[in-house]
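S.K.: after the sequence you'll find the predicted model.
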Amino acid sequence: MKPVITLDSVCVSYRRKRMFRFRGQPEAVLKSVSLNVYQGECLGILGRNGAGKSTLLRVLAGILQPDQGSVTFNGRASLLTLQAGFAESLTGAENIVLGGMILGARRRQIMALFDDIVSFAELGAKIHEPLYSYSSGMRARLGFSVAYHIDPEVILLDEVLGVGDAGFRAKSAEAMQEKIHKGKTIVLVSHNPNIIRQNCNRAILIDAGQVVAEGEPDDVLGQL
Amino acid sequence: MRYLEIAFYRAYADLKTEASRSFIGFAWWVVEPIVYMLAFYVIFELGLRQGEENFLSFLLVGLIFWKWLASSILLCTGIVSANYRLLNQVYLPKWIFPLSVVTANACKAALALLVLFIFLLLNGNTPGMGWWAIVPVILAQLLLISGVGFLAAAVTPFFRELKLLIDNGILALMFLSGVFFNLDKMEESVRAVLMLNPVAILLRDARSVLLDNHLPPDHGLYYVVAAALLMLALAFYLFIRFDRVYPKVLRP
């Protein structure tokens, strides 16, 4: 199988903020992580809080550059971020355009998907009103709908499988499941062993910035 | 291209936010310098009686150009840091943020400049062919704003103290640039030093074109453009060199 993203001995460290901040001791968050993400797989990333999962996702998304090691991309990966860059005074429709562009789509593509995005978000005519008049449920629906329809080659998920009220949560979770089962390349970070077990065909366990286990989800979960 | 679209769309969002925030919206940007101007008019023209002829126009040209420059630079200074959340969620080149600030402020400045021209006409300044020379002055000012603004935006995330420095320094710069007084009346040696400041050159040239119908007296604009391009180049070098380091530095 062809890897879509390859990490080779990736190290990332943060410097502690001090008065003379460039003299602070660097704090290693990822210590020599090597990893392949293959086409069409759903890879689960497990680990405690502070193990380096979020930093790893940000490296996979191309947001952060490793201090050492290399990252090779054979496709565009993007973190499924809800409501990224939304502006309060713009209407829902304008936020679809802005949010979609920020997530990596061109304006033309967004306009082609526009009707689908609006109807999935169940917003109707409200879409032409400014965002500040929206309830948090409406924002969540709009944010999910935009992120869901902008389809990058690799979807990176950080515990967002359902948003909004109960009805919409079921619908959004189901939509994501469908993407996973249709053979979309997905990297999923979760604390919840069941979510990893149900959805992923491979899993890795990170502890203190290192990959300590890799393989079938059930085997890896056994080492938790 | 997509990134340019994002920058301009964000500029549009900023303008819309500002217009919707207060009842008078955009008008505030014109009202503010007028209020300034009235205060200084009272002090200089009525109070101290030191005002020279046409002092009101002199002040207004200075204030409008100054306000455009100062507010753009102040906003640019913190703009990358202000977007740290977004920059940790998606990859975006960082120059998008100062670009949308400069664009939004240029739109507001266009409005203020329009009001300025109307005021000057009503005040009896007759426009000659020389008024066209204001176009290069405005373009040079836009370029200088971009240079300083982009550079400030690129450097501040690494040295947060710089924001304090710029916030305070901009007030000093206002006095050094001759917004309220004519630098030509200063002693020659002092004037030569003050004229190294590109902002002083821009204000002098704008006044010479709009108030006296004269072309800019020397080639100062070339100096302004060169300085601006140098800063812009340095800013882009930093933005590209540290492109994927910014999100880390910006960690709260």
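M.R.: Arrived safely, thanks for sending. Residues are numbered from 1 along each chain as shown, chains lettered A, B, ... in the order given.

S.K.: and the closest residue to chain B within chain A, what's its pLDDT?
M.R.: Nearest residue of chain A to chain B: A:Gln65, at 3.4 Å (CB to the nearest CB). From N, CA and C alone the C-beta is placed, and that goes for glycine too. If you check A:Gln65, the pLDDT there is 89.

S.K.: how far away is it from A:Leu30?
M.R.: Distance of A:Gln65 to A:Leu30, computed by CB to CB, to the nearest Å: 12 Å.

S.K.: please report phi then psi for the residue in chain B positioned nearest to chain A.
M.R.: Residue nearest to chain A within chain B: B:Arg244 (3.4 Å; CB to the nearest CB). When read as degrees, to the nearest 10, the backbone of B:Arg244 gives phi -100, psi 20.

S.K.: ok, now which ones touch it?
M.R.: Listed by CB atoms under 8 Å, 6 or more residues apart in numbering or on different chains, the contact set of B:Arg244 reads A:62-65, B:91.

S.K.: need these in TSV (columns: secondary structure).
M.R.: TSV is the format used below for those (DSSP: H, G, I helix; E, B strand; the rest coil):
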residue	secondary structure
A:Gly62	coil
A:Ile63	coil
A:Leu64	coil
A:Gln65	coil
B:Tyr91	coil
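
S.K.: of these, which is the nearest to B:Glu18?
M.R.: When the contacts of B:Arg244 are compared for distance to B:Glu18 (CB to CB), B:Tyr91 comes out closest, at 27.8 Å.

S.K.: next, count neighbours for that closest one.
M.R.: 19 (other CB atoms under 10 Å in any protein chain shown).

S.K.: OK, contacts around it?
M.R.: B:Tyr91 makes contact with A:61-63, A:78, B:244, according to CB under 8 Å, 6+ apart.

S.K.: find me the pLDDT at it, would you?
M.R.: 90.

S.K.: three-state assignment of A:Val37?
M.R.: Relying on three-state DSSP, one would call A:Val37 strand.

S.K.: what's the closest residue in space to it that isn't next to it in sequence in contact with, if anything?
M.R.: In space, and not counting its chain neighbours, A:Val37 is closest to A:Ile5: 4.3 Å by CB to CB, 6 or more residues apart in numbering or on different chains. Neighbouring residues of A:Ile5 by CB under 8 Å, 6+ apart: A:35-37, A:60, A:71-75, A:77, A:154.

S.K.: A strand includes A:Ile5, no?
M.R.: Yes - A:Ile5: assigned to a strand according to three-state DSSP.

S.K.: Provide the partner residues of it in its beta bridges.
M.R.: A:Val37, A:Phe73 (DSSP bridges).

S.K.: now, the most widely separated pair of the contacts of B:Arg244?
M.R.: The most widely separated members of these, counting by CB to CB, are A:Gln65 and B:Tyr91 (10.4 Å).

S.K.: what does chain B put close to chain A?
M.R.: B:2, B:5-6, B:9-10, B:13, B:16-17, B:20-21, B:86-92, B:243-245, B:247-248, B:251 (CB under 8 Å from any CB of the partner chain).

S.K.: which of those count as buried?
M.R.: Taking 16 or more other CB atoms under 10 Å in any protein chain shown as the criterion, what is buried in the residues of chain B next to chain A is B:6, B:9-10, B:13, B:16-17, B:86-92, B:243-244, B:247-248.

S.K.: the residues you listed in helices, which ones?
M.R.: Counted as lying in helices by DSSP state H, out of those, are B:6, B:9-10, B:13, B:16-17, B:86-87, B:247-248.

S.K.: buried sites along stretch A:212-220?
M.R.: A:213-214, A:217, A:220.

S.K.: now do the SS call for A:Ser89.
M.R.: Assigned by three-state DSSP, the conformation of A:Ser89 is coil.

S.K.: disregarding residues adjacent in the polypeptide, which is nearest to it?
M.R.: B:Thr17 (4.1 Å).

S.K.: for B:Phe158, same thing?
M.R.: Nearest to B:Phe158 is B:Val249, by CB to CB, 6+ apart, at 6.1 Å.

S.K.: any idea how far B:Leu162 is from that neighbour?
M.R.: For B:Val249 relative to B:Leu162 (CB to CB), the value is 13 Å.

S.K.: circling back to that earlier point, among the buried residues of stretch A:212-220, which one lies nearest to B:His214?
M.R.: A:Glu214 (75.5 Å).

S.K.: partners of the helix or strand hosting the closest one in the sheet?
M.R.: Of the helices and strands defined by DSSP states H and E, A:Glu214 is found in strand A:210-215. Strands that pair with strand A:210-215, judged by DSSP bridges, come out as strand A:202-207 (antiparallel).
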